[in-house]
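Colleague: have a look; sequence and predicted model below, questions after that.
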Amino acid sequence: MDTDTLKTLLLIARQGSLAGAARVLDTDPSALSRLLSGAEERLGFRLFHRSTRRLSVTEAGQDYLTRIEPLVEALEAARDTAAGADRVLRGPVRLTTSTAFGQVCVLPHLPALRRACPEITLELLLDDAPRDLVAERIDLALRLAPAPRGDLISTRLMRTRYHVCAAPGYLAQHGTPDHPTGLSRHNCLRMALPEFRTRWLFRDIRGETEEVPIDGTLILSGALALREAALFGLGPAMLADWLAAEALASGALVDLFPDHHVTATGFDTGVWALYPDRAHLPARTRAVLDVLRRNLGRGPGRVTKLSPP
């Protein structure tokens with residue numbers, strides 16, 4: 001069987017259903033059903049037990065799929081090596097990141113990616129819900145968080161820093177707090193994530209930390225909406241540097257506590273590139289990662305390089 005068929009069989013096993021695999025491949029489940037039946041006929045044994053909604057791998061199927069997975073990766077590596085001989089990288093790369101970071105920081109660098117890798121087909125998935133990289137055959141994810149944990153390979157592309165920002169008009173009407181604890185008297189803008197809703201953590205130039213309870217009558221589910229609400233003068237908001245940089249530079253927003261680091265989760269945060277734990281990273285995926293590594297931090301959608309105190 002050809003490599004694409006073997007990769008599809010592995011995907012069906014990861015998804016646990018023909019419908020799930022069909023969604024990833026953007027094809028009809030009936031086409032995958034025919035492919036699976038043909039593969040089982042050629043092999044002479046069943047790979048999956050089938051029910052109305054789910055598939056489960058047979059014992060023989062599990063042994064077969066476990067054995068072919070490293071072989072498929074080796075074939076992919078050999079193809080990439082051969083393709084690299086003429087220095088033309090082709091094929092699809094599925095990249096996912098959050099909606100806000102994708103729009104502000106990734107989209108401005110797509111022209112550079114197009115120039116560097118004109119034959120690569122990039123599928124950019126902007127989604128604030130975490131995706132399963134293995135099950136959905138995603139090649140690369142950009143996540144904004146403290147150091148990731150788990151089975152994925154990760155590399156930090158940039159450090160990030162958060163700021164508590166407010167519009168000058170809001171401050172003229174409601175006053176400027178002279179210390180983070182003063183936020184308790186303000187109607188703060190909150191992110192619709194549990195760890196962002198009730199308290200923010202501050203660290204001063206001496207390295208001392210303080211937990212400040214916050215409250216507010218407006219909770220938003222997206223970082224872009226949070227920034228716009230702050231620009232409209234609706235209250236103070238905690239924004240990442242890559243999201244607030246232009247507004248802070250123009251004076252549209254004011255950093256209330258420039259001598260403090262602030263976070264809701266951890267102070268050592270960053271933009272991380274994650275990819276599945278496997279011995280071979282396809283050359284086309286590495287090329288996309290290299291373009292992002294070179295360009296994030298400069299030009300439109302820049303991420304400010306800051307060192308922690």
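Modeller: All right, it came through fine.
Colleague: which helix or strand in this protein has the lowest average pLDDT?
Modeller: Least confident element among the helices and strands of the chain, by mean pLDDT, DSSP states H and E: helix 194-197 (a mean of 74).
Colleague: against which helices or strands is the next helix or strand after it packed?
Modeller: Tracing the chain past helix 194-197, the next element assigned as helix or strand by DSSP states H and E is strand 199-203. In terms of contacts (3 or more C-beta pairs under 8 Å, 6 or more residues apart in numbering; DSSP states H and E), strand 199-203 is packed against strand 209-213, strand 261-263. For the C-beta atoms, the positions are set from N, CA and C on the backbone; glycine is no exception.
Colleague: who does strand 199-203 pair up with?
Modeller: With DSSP bridges as the test, strand 199-203 is paired with strand 209-213 (antiparallel), strand 261-263 (antiparallel).
Colleague: mind listing what's buried in it?
Modeller: The neighbour-count check on strand 199-203 (16 or more other C-beta atoms under 10 Å) flags 200-203 as buried.
Colleague: for those, give me JSON lines that also has distance to Asp268 and pLDDT.
Modeller: As requested, the buried residues of strand 199-203 are exported to JSON lines (distance: C-beta to C-beta, whole Å; pLDDT from 0 to 100):
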{"residue": "Trp200", "distance to Asp268": "16", "pLDDT": "93"}
{"residue": "Leu201", "distance to Asp268": "12", "pLDDT": "94"}
{"residue": "Phe202", "distance to Asp268": "15", "pLDDT": "95"}
{"residue": "Arg203", "distance to Asp268": "11", "pLDDT": "94"}
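Colleague: tell me which of these is nearest to Val57?
Modeller: Leu201 (45.1 Å; C-beta to C-beta).
Colleague: and that closest one, bridged to which residues?
Modeller: Glu211, Thr263.
Colleague: identify, from the buried residues of strand 199-203, the entry nearest to Thr3.
Modeller: Distances from Thr3 to those, taken by C-beta to C-beta, are shortest for Leu201, at 48.9 Å.
Colleague: just the strands paired with strand 199-203: most buried one?
Modeller: Most buried of the strands paired with strand 199-203, by mean neighbour count (mean count of other C-beta atoms under 10 Å): strand 261-263, with a mean of 20.
Colleague: coming back round to it: make TSV from the buried residues of strand 199-203 and add distance to Ala244 to it.
Modeller: TSV is the format used below for those (distance: C-beta to C-beta, whole Å):
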residue	distance to Ala244
Trp200	15
Leu201	18
Phe202	17
Arg203	18
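Colleague: pLDDT weak spots in the protein?
Modeller: 52-53, 77, 80-88, 147-151, 277-280, 297-309 (pLDDT under 70).
Colleague: how about it, which residue sits the furthest from its center?
Modeller: Most distant residue from the mean C-alpha position of the chain: Gly44, 41.1 Å away (C-alpha atoms, centre = their mean).
Colleague: can you report phi and psi for that residue?
Modeller: phi 90, psi 10 (degrees, to the nearest 10).
Colleague: the one 3 residues further on now?
Modeller: Here is the backbone geometry of Leu47 (degrees, to the nearest 10): phi -90, psi -30.
Colleague: just send the helices and strands packed on strand 199-203 back as a markdown table, with distance to Tyr64 too.
Modeller: Output for these, formatted as a markdown table (distance: least, C-beta to C-beta, whole Å):
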| stretch | distance to Tyr64 |
| --- | --- |
| strand 209-213 | 54 |
| strand 261-263 | 47 |
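Colleague: mind checking these for the one nearest to Ile12?
Modeller: Once the helices and strands packed on strand 199-203 are compared by C-beta to C-beta, strand 261-263 is nearest, at 41.1 Å.
Colleague: quick check, distance from the closest one to the centre of its chain.
Modeller: 21 Å (C-alpha atoms, centre = their mean, to the nearest Å).
Colleague: what's downstream of that strand, the next helix or strand?
Modeller: Assigned by DSSP H and E, the successor of strand 261-263 is strand 270-275.
Colleague: show the subsequent helix or strand relative to that next one.
Modeller: helix 283-295.
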